[in-house]
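In: kindly return the folded structure for what I paste below:
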Amino acid sequence: MGVLGRRQLDPGVVALSARLDADTAAEAYRDLVFRQWWTRWQGRADAQGRCEVRAFYGKHQVKAGNQMTVVELKRAQGKATLALK
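Out: Numbering: from 1, shown residues only. Below you'll find the model as predicted:
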């Protein structure tokens, strides 16, 4: 009997396999959303006081010096400009 046949006969094996797959999928999701798709940038403005940052669409918390604000980048806009003084 093949591996698939044994899994069908032993419900415990199927449940364990399904749980491992669920854990793997959940970890992959967390990795994408909270690591790979997370925009993180730290740096300095140029001599003119400007910086350009590529970011994913969505809301971003921006901090410069003692100032902090939230900017929302929408696909329809394509880009957002933020001025902190």
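In: pLDDT below threshold where in the chain?
Out: 1-20 (pLDDT under 70).
In: how about the strands in it?
Out: 58-64, 67-73 (DSSP state E).
In: could these go into TSV alongside mean neighbour count and distance to Trp37?
Out: Quick note: C-beta positions are derived from backbone N, CA and C, even for glycine. What follows is those, written out as TSV (neighbours: other Cβ atoms under 10 Å; distance: least, Cβ to Cβ, whole Å):
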stretch	mean neighbour count	distance to Trp37
strand 58-64	12	9
strand 67-73	11	13
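In: switch these over to CSV; also include distance to Asp23.
Out: Output for those, formatted as CSV (distance: least, Cβ to Cβ, whole Å):
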stretch, distance to Asp23
strand 58-64, 27
strand 67-73, 32
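In: so which of those strands is nearest Glu27?
Out: strand 58-64 (21.9 Å; Cβ to Cβ).
In: list of residues touching the closest one?
Out: Here strand 58-64 makes contact (Cβ atoms under 8 Å, 6 or more residues apart in numbering) with 39, 68-73, 82, 84.
In: starting at the chain centroid, how far to that strand?
Out: On the basis of Cα atoms, centre = their mean, to the nearest Å, strand 58-64 sits 15 Å off its chain's mean C-alpha point.
In: okay, now the sheet partners of that strand, with direction.
Out: strand 67-73 (antiparallel) (DSSP bridges).
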